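1. predicted structure and sequence below. I'll ask about it afterward.
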Amino acid sequence: MSKLLIVDDEVDIREFAKNFFRKRNIDVLTASGGKEAIGIIEKEKPDLVLLDVRMEEMTGLEVLRDLRAKSNSVKVIMVTGVENGESIKEANDLGVLGYVHKPLVLEELEKVVLAELKR
């Protein structure tokens, strides 16, 4: 069974996406912030991470930088409500697979996630 980690500081988004993907037979883990996410990634080794860009304690880019500095090549899709060219370029340079925009469109999210988990 594929393992997906959803990292978002908004509990409604985490729970909604978790329930959505569990119904598709995906093992879903959640984290409310960057430090928690890093610990889960190191311990659980998810197949894919949906990583929110804007979070309180640690931004998605900071999480991504930390993972790559540790040579962790986990597959990451960024989730964002804000377009920032500089952040997008840095995330791309750090090897993200793509972006999903908020508000989340379930059909788009499902298509992107299932395509990456099948690779």
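-> The structure has been received and is ready for your questions.

2. in the protein, which segments are predicted with low confidence?
-> For the chain, not a single residue meets the criterion pLDDT under 70.

3. the helices in it, which residues?
-> Per DSSP state H, the chain carries helices over the ranges 11-22, 34-44, 60-69, 85-93, 106-118.

4. elements contacting the shortest one?
-> Okay, so that is helix 85-93. For helix 85-93, the contact count by 3 or more CB pairs under 8 Å, 6 or more residues apart in numbering; DSSP states H and E identifies helix 60-69 as packing neighbours. Where C-beta positions appear, they are placed from N, C-alpha and C, glycine not excepted.

5. name the helices or strands packed onto the helix it packs on?
-> helix 34-44, strand 48-52, strand 75-80, helix 85-93.

6. hang on, the earlier thing: and the helices of the chain, which is most packed in?
-> Neighbour counts (mean count of other CB atoms under 10 Å) averaged over each of those peak at helix 60-69, with a mean of 19.

7. sorry, back to before: can you put the helices of the chain in JSON lines and add distance to Ile77?
-> Putting the helices of the chain into JSON lines (distance: least, CB to CB, whole Å) gives the following:
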{"stretch": "helix 11-22", "distance to Ile77": "12"}
{"stretch": "helix 34-44", "distance to Ile77": "13"}
{"stretch": "helix 60-69", "distance to Ile77": "10"}
{"stretch": "helix 85-93", "distance to Ile77": "10"}
{"stretch": "helix 106-118", "distance to Ile77": "6"}
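
8. among the ones you listed, which is nearest Lys3?
-> Nearest of those to Lys3, taken as CB to CB: helix 34-44 at 6.5 Å.

9. ok so, going back, nearest to Val28, of the helices and strands packed on helix 60-69?
-> strand 48-52 (9.7 Å).

10. picking that back up, and the helices and strands packed on helix 60-69 as TSV, adding distance to Lys18?
-> As requested, the helices and strands packed on helix 60-69 are arranged in TSV below (distance: least, CB to CB, whole Å):
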stretch	distance to Lys18
helix 34-44	13
strand 48-52	10
strand 75-80	13
helix 85-93	23
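
11. Arg65 is nearest to which of the ones you listed?
-> Here helix 85-93 is closest among those (CB to CB), at 8.3 Å.
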